[in-house]
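Participant: What would the 3D arrangement of this be:
(chains A, B and C)
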Amino acid sequence: MPTTVDHILSELNPPQREAVTATQGPLLILAGPGSGKTRVIAHRIAYLVQHEEVEPWRIVAVTFTNKAAREMRGRVVAHLDEQASDVMLGTFHSICARILRIDGNRIGLDRSFNIYDDADQMALMKRVAEALGIDTRAIKERAILSAISHAKSELISPSDYASKTHDWFTEVIARAYERYQQMLAENSALDFDDLIVKTVQLLQDDEHTRRKYQDRFLHVLVDEFQDTNVAQYQLARLFAAFHGNICVVGDPDQSIYSWRSADIRNILNFERDFANAKIVLLEQNYRSTQNILDAAHAVIAGNKQRKEKSLWTERGAGEPIVVYEAYDEQEEAQFVADEVAGLLRSGHDERDFAVMYRTNAQSRALEEALIRAGIRYQIVGGTRFYERREVKDVLAYMRLAHNPYDLVSFARVVNVPGRGIGDKTMEQLELWAGRLGLPLYTALQILSAQQAGDREHEAAKLEPHPLGTRQANALAGFLEMLDELIDVGAKNNVSTLIDGVLERTQYRKWLLASADDDAEAEERWANVEELRNVASDYDGLAAGHGLVSFLEDVALISDADTLEDADDNGGKVTLITLHSAKGLEYPVVFMIAMEEGVLPHVRSFDDPAQMEEERRLAYVGMTRAKSRLYLLRSFRRYGTGMSTHNPPSRFLRDIPSELITAKSAVSEAAGAPAERTEMRYRAAERVRERDVSDAEAGFFSGGERVRHPRFGEGIVVAAVTKGDDQELTIAFKGEAGMKKLMLSFAPLERM
DNA sequence: ATACACGCGCTTTTT
DNA sequence: GCGCGTGTAT
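Facilitator: Coordinates of the predicted model:
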């Protein structure tokens, strides 16, 4: 039921109300965590439509993820019912893709461009490097792509870049950048950054299109503005240039994407570019307890480059923050599982919990512990469905059906399932196509005609293909199938196309045969079926159009989008990176590995600016918590093979002790003093000859009590088996403190 | 052309 | 502890 204007405004506090009703001219909303930013945007849209009678289609609102866009749409629907669907709402990337499909032809783009994801870009860059003779041992494809992405996000074109090279590295990049763009164009493909860059270019170069959108967009809203890059900001300005009603919402303290070229200066530039900009501060927090806010503030206050903004809440102090020191990451995960189990018994639901970490790899120990405890969980990101081999294969066929010039997709599936078209065949085919100056797909058609022996066909006049009959026939067969699929894709719905692909390629048979075991086969086929399931959602759309939408959505899906809504995930604990957690909230939050080297990450140690970003990351994590916040660290952590001991994160030290309840598995178990020394014990002589069998040595395990002739009584904190040896970390009572011992030469005795 | 086995290097965060 | 690329055998 649509709400009234009075109703819209009555739900807001005074600054929020101002943020909603200041509709004319530029507006910068600085919104702290939990300050009702999303609701302000939704209310603003509703207010524009209901109070100012703005037609919904003249409003464009940009969010950071598709999930955020969906949520936003949901809220707008609550106010406006079906009118909400006319608001242009999406991520920068999805909005740009939509614009380019419609108007990209005006700058020479093929309407049926494919969108290249990370893996596709890598595949293409490999080709670029090979063509240019770049030694990818010296400069990795990743590094080249990253440099190019950086350039694109600052709207630096290949020729701009080439004119500013200053060393060997940038010269290589310049050549690679130019060729890369050329090859993308030949494949009718755009990468993520191109979606933005080309849209900016379209609006700048083509007056007709510029007028069309600038006239249309009466109101422009940008969420998570602190995480936009220069190109995105430029785009937002272009959108708003005619009517001048641009509203950006952000929080400099939550800027955590500078590595993706997000430019925190955009906020400062906004005030400069729009001198008359109104600024509204949202400081009342509706999410967290005062303890959590105070702790988070103590952490973020450590940053020098920031504007002071202090959050307050009407909620009470709440529970103290729990800081826990675990033995090792297993025990750390176990602690999380135990706490969750305990809180579940006292009335919490699984969906109330999130466990956050710095790197994806850290989810593993947590998963194991949660499985052991029988607690249901969902992982955001990590092993991504759309990166599975079988899913990418089927998608590649669909992408080819949409755009047969897509060489990356072509190369992926030309011999999957195997049809006798190997690397050598492809190489000769590509060389020949190159000599003819034709795209591979066109060359293939020539080859097919030549193979059919049609002397009248113009193909007969061109250089004959260099391939043997066997290979040529295999290729002609592939082309025939591809053309059928193109036809199926153009005339039918998406699931019919998938069925066509699976049927014609006998993909199931091949997939099942190629799996190592039954379980893998089953899982892989289930993934294919799931893909078909997802695709069938697009069956209602007109033929061809469904395929475009499907491929586009799949390409632009983000990690955060895979998060199931808390309301209907059937109760699961969420495991999520700190980055993906931005914008979310949970009653109970665990942040693990609060250690020097992890958070803050080692790679930020030598750069003060990056260190400030690590601090913001900690801030983002902490402010996700509504009622309970746990900060964990582990005495020992396994890195690449070796185990390490990390000192507690500097961010922990910044939190006033009166806000904290501290617990330690290590000192409690050992009864050791809080101050511990760590030293490595080395035997003068290593007795390899002695056969240390498991039975004889009696390998130790965590928790066992032991005695050492010199250090006395202790408890095994961690035990790592290394071949015949076992490395033990033992907390000794009293003065001796914490020691690491190698079992094979450490004279230990069980107690 | 395919299948398998071994070794190397690497691991921040993602639209 | 992992995927990827290379090398070798069939």
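Participant: Output the below-cut-off pLDDT ranges for the stretch 501-650 of chain A.
Facilitator: Along the stretch 501-650 of chain A, the parts satisfying pLDDT under 70 run over A:516, A:562-570, A:639-644.
Participant: no, scratch that, I was asking about the stretch 301-450 of chain A
Facilitator: Low-confidence segments of the stretch 301-450 of chain A (pLDDT under 70): A:382-384.
Participant: For it, which residues are neighbours of DNA strand B?
Facilitator: Contact residues, the stretch 301-450 of chain A versus DNA strand B (Cβ under 7 Å from any atom of the strand): A:358-361, A:381, A:415, A:418-425. Quick note: C-beta positions are derived from backbone N, CA and C, even for glycine.
Participant: if we go to 6 Å?
Facilitator: A:T359, A:N360, A:A361, A:G381, A:N415, A:G418, A:G420, A:G422, A:D423, A:K424, A:T425 (Cβ under 6 Å from any atom of the strand).
Participant: okay, A:I715: pLDDT?
Facilitator: Per-residue pLDDT puts A:I715 at 66.
Participant: quick check, A:L629 in a helix?
Facilitator: No: counting by DSSP: H, G, I helix; E, B strand; the rest coil, A:L629 falls outside a helix, being strand.
Participant: Relative to DNA strand B, how far out is it?
Facilitator: From A:L629 across to DNA strand B, the span is 21 Å (Cβ to the nearest atom of the strand, to the nearest Å).
Participant: now do A:E11
Facilitator: Separation of A:E11 from DNA strand B (Cβ to the nearest atom of the strand) stands at 29 Å.
Participant: got the residues of the stretch 301-450 of chain A next to DNA strand B as JSON lines, with secondary structure and neighbour count columns?
Facilitator: JSON lines is the format used below for these (DSSP: H, G, I helix; E, B strand; the rest coil; neighbours: other Cβ atoms under 10 Å):
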{"residue": "A:T359", "secondary structure": "coil", "neighbour count": "13"}
{"residue": "A:N360", "secondary structure": "helix", "neighbour count": "18"}
{"residue": "A:A361", "secondary structure": "helix", "neighbour count": "10"}
{"residue": "A:G381", "secondary structure": "coil", "neighbour count": "18"}
{"residue": "A:N415", "secondary structure": "coil", "neighbour count": "16"}
{"residue": "A:G418", "secondary structure": "coil", "neighbour count": "10"}
{"residue": "A:G420", "secondary structure": "coil", "neighbour count": "13"}
{"residue": "A:G422", "secondary structure": "coil", "neighbour count": "13"}
{"residue": "A:D423", "secondary structure": "helix", "neighbour count": "9"}
{"residue": "A:K424", "secondary structure": "helix", "neighbour count": "10"}
{"residue": "A:T425", "secondary structure": "helix", "neighbour count": "19"}
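Participant: Now do A:R388: how many residues are near it, please.
Facilitator: A:R388 sits with 18 neighbouring residues when counted by other Cβ atoms under 10 Å.
Participant: With A:N269 instead?
Facilitator: Around A:N269 there are 14 residues (other Cβ under 10 Å).
Participant: Verify the assumption that it is located in a helix.
Facilitator: Yes: assessed by three-state DSSP, A:N269 belongs to a helix.
Participant: Next, the closest residue to it other than its chain neighbours: phi, psi?
Facilitator: Take A:N269 and drop its neighbours on the chain: the residue closest to it by Cβ to Cβ, 6 or more residues apart in numbering is A:Y233, 7.2 Å away. Dihedral angles phi and psi of A:Y233 (degrees, to the nearest 10) take the values phi -60, psi -40.
Participant: Return the residues in contact with A:Y233.
Facilitator: Shown in contact with A:Y233 (Cβ atoms under 8 Å, 6 or more residues apart in numbering): A:D263, A:N266, A:N269, A:F270.
Participant: Show me which of those residues are buried.
Facilitator: Neighbour counting with 16 or more other Cβ atoms under 10 Å marks A:D263, A:N266, A:F270 as buried within the contacts of A:Y233.
Participant: rewinding a little: from the residues of the stretch 301-450 of chain A next to DNA strand B, which is closest to A:N276?
Facilitator: Checking these against A:N276 with Cβ to Cβ, the nearest one is A:G381 at 40.9 Å.
Participant: Am I right that that closest one is in contact with A:I557?
Facilitator: No: taking Cβ atoms under 8 Å as the definition, A:G381 is not a contact partner of A:I557, at 10.9 Å.
Participant: ok so, going back, as JSON lines, the residues of the stretch 301-450 of chain A next to DNA strand B with distance to DNA strand C would be great.
Facilitator: Listed next are those as JSON lines, based on distance: Cβ to the nearest atom of the strand, whole Å:
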{"residue": "A:T359", "distance to DNA strand C": "14"}
{"residue": "A:N360", "distance to DNA strand C": "12"}
{"residue": "A:A361", "distance to DNA strand C": "9"}
{"residue": "A:G381", "distance to DNA strand C": "15"}
{"residue": "A:N415", "distance to DNA strand C": "14"}
{"residue": "A:G418", "distance to DNA strand C": "13"}
{"residue": "A:G420", "distance to DNA strand C": "14"}
{"residue": "A:G422", "distance to DNA strand C": "11"}
{"residue": "A:D423", "distance to DNA strand C": "10"}
{"residue": "A:K424", "distance to DNA strand C": "13"}
{"residue": "A:T425", "distance to DNA strand C": "16"}
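Participant: Tell me which two in those are the farthest apart.
Facilitator: Counting by Cβ to Cβ, the most remote pair of those is A:T359 and A:G420, 42.4 Å apart.
Participant: Tell me the residues of chain A that contact DNA strand B?
Facilitator: With Cβ under 6 Å from any atom of the strand as the criterion, chain A meets DNA strand B at residues A:65, A:91, A:93, A:118, A:192, A:259-260, A:359-361, A:381, A:415, A:418, A:420, A:422-425, A:556, A:558-560, A:577, A:579-580, A:601, A:603, A:640.
Participant: Show me the helices in the stretch 201-350 of chain A, by range?
Facilitator: For the stretch 201-350 of chain A, applying DSSP state H, counting those that start in this stretch gives helices covering A:207-216, A:230-240, A:265-273, A:290-300, A:329-345.
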